[in-house]
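J.: Structure for the following, please:
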Amino acid sequence: MRRPFLGLAMMPEADFVSAILPLLQNNSVDVLEWSFDTFYDVNEPEWLSGLLDFYAQNSRLLGHGVYYSLFDARWTARQEVWLEKLKKECSQRKYNHITEHFGFMNTENFHQGVPLPVPMHSKTLQIGKDRLKRLQDAVEVPVGVENLAFSFSMDDVKEQGVFLDQLVEDINGFLILDLHNIYCQSCNFEVGMQEIIQLYPLEKVKEIHLSGGSWQESAYAKKPIRRDTHDDRIPDEILDLLPEVLSQCQNLEYVIIERLGHTLSAESDKLSFFADFNRVKEMISNSEDRSEGKKVWKRRIEEDSKPLEDLVFYNEQTRLTKMLFDESDVAKVKDEGFQYFKPENWDEEMIITAQQIIKKWNPY
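T.: Numbering: from 1, shown residues only. As a prediction, this is how the structure comes out:
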């Protein structure tokens with residue numbers, strides 16, 4: 001197997017394609033990743049369709065979903081419609097694989113949502129497996145899941161690798177290892193990145209995401225909170241660790257750099273973006289050649305069944321999201337009696353961070 005392909009998460013803004021044009025012109029972008037469901041109900045500009053189609057026709061396009069909500073504990077028409085649109089998308093454009101995010105979003109305005117973490121439990125795992133099976137049934141290509149940046153507690157951080165391992169097992173799925181998401185957890189819970197990475201089934205990592213982010217001021221005058229905002233250059237701590245991670249992920253096929261489309265207008269931002277890209281490109285070139293052969297994916301077919309639901313869990317998801325939106329007192333959140341969520345173990349700082357995220361992105 002050759003070294004991993006290096007690519008970009010495609011953004012629809014004209015400023016973005018203008019900024020990355022030099023990389024496209026010199027054929028440096030091996031692969032593109034496209035968040036297809038952000039344009040489910042929008043007409044693509046002709047230049048964007050042409051670019052995506054070019055990469056698809058050359059088997060160099062990856063699909064990255066945002067709004068399916070893998071752990072929404074109630075099955076609704078929204079998910080049915082999402083899957084039908086995915087089937088149509090994949091019939092019109094060839095994707096090498098399809099991925100989604102770990103977590104749940106169950107607010108009505110889900111198109112502006114961000115996923116929240118899910119506690120590891122036999123029932124929550126079964127909900128996730130059911131949703132992932134339905135996603136796999138909709139497509140003829142491998143399906144994977146990306147690790148989540150936001151965590152309420154160190155328990156979330158420790159559990160996620162094991163959770164993801166079990167989650168993708170039934171569909172013979174894979175993982176996206178987002179290193180900036182790991183970096184956020186490392187900063188926010190004061191634990192080494194490599195210590196967290198070792199908790200993941202690295203043999204299942206097919207894709208790595210790299211990005212930057214921002215710092216949020218502490219509500220308690222403590223250390224700032226690291227946020228996965230995709231609006232700055234890749235931290236040196238991540239790039240310094242990348243060669244080691246490349247060697248650890250023996251089934252790695254793709255490395256994708258993410259950056260929001262409206263954050264590359266300044267010349268200094270473009271230069272730092274190119275510098276990061278070229279640094280990563282050199283690291284990949286210097287990495288070992290995985291010559292033992294590409295891992296063969298076999299699609300697993302299961303019988304149709306009724307979608308799993310857990311209304312207790314769904315009500316908790318809805319209640320939690322509403323409490324965060326209403327900026328309920330932190331002590332009240334921690335004292336709330338949940339069956340699945342364990343807010344008594346949550347970090348106060350992260351509860352406030354979740355409130356700010358929900359308030360910005362999940363309006364009711």
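
J.: Would you map the strands across the stretch 51-200 of the chain?
T.: 61-64, 98-101, 143-146, 174-178 (DSSP state E, counting those that start in this stretch).

J.: If you could redo that for the stretch 201-350 of the chain, that was the one I meant.
T.: Taking DSSP E, counting those that start in this stretch to define them, one finds strands in the stretch 201-350 of the chain at 205-210, 214-216, 225-227, 254-257.

J.: Is it possible to get TSV of the strands of the stretch 51-200 of the chain that adds mean neighbour count?
T.: C-beta here means a position set from N, CA and C on the backbone, and glycine is covered the same way. Putting the strands of the stretch 51-200 of the chain into TSV (neighbours: other Cβ atoms under 10 Å) gives the following:
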stretch	mean neighbour count
strand 61-64	25
strand 98-101	24
strand 143-146	23
strand 174-178	25
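
J.: Out of the strands of the stretch 201-350 of the chain, which is closest to residue 35?
T.: Of all the strands of the stretch 201-350 of the chain, strand 254-257 sits nearest to residue 35, with 11.3 Å by Cβ to Cβ.

J.: Counting by contacts, list what the closest one packs against.
T.: Contact partners of strand 254-257 among helices and strands, from 3 or more Cβ pairs under 8 Å, 6 or more residues apart in numbering; DSSP states H and E: strand 5-9, strand 31-34, strand 205-210, helix 267-286.

J.: chain center to the second one: distance?
T.: In terms of Cα atoms, centre = their mean, to the nearest Å, the gap separating the centre of strand 31-34 from the centre of its chain is 14 Å.

J.: Parallel or antiparallel, list what pairs with that strand.
T.: Applying DSSP bridges, strand 31-34 is found paired with strand 5-9 (parallel), strand 61-64 (parallel).

J.: sorry, back to before: now render the strands of the stretch 51-200 of the chain as CSV, adding mean pLDDT.
T.: Below are the strands of the stretch 51-200 of the chain laid out as CSV (pLDDT from 0 to 100):
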stretch, mean pLDDT
strand 61-64, 98
strand 98-101, 97
strand 143-146, 98
strand 174-178, 98
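
J.: Nearest approach to residue 328 belongs to which of those strands?
T.: That would be strand 98-101 among the strands of the stretch 51-200 of the chain, by Cβ to Cβ, at 25.1 Å.

J.: Mind listing the strands that closest one pairs with, and their directions?
T.: Sheet pairing for strand 98-101, using DSSP bridges, gives strand 61-64 (parallel), strand 143-146 (parallel).
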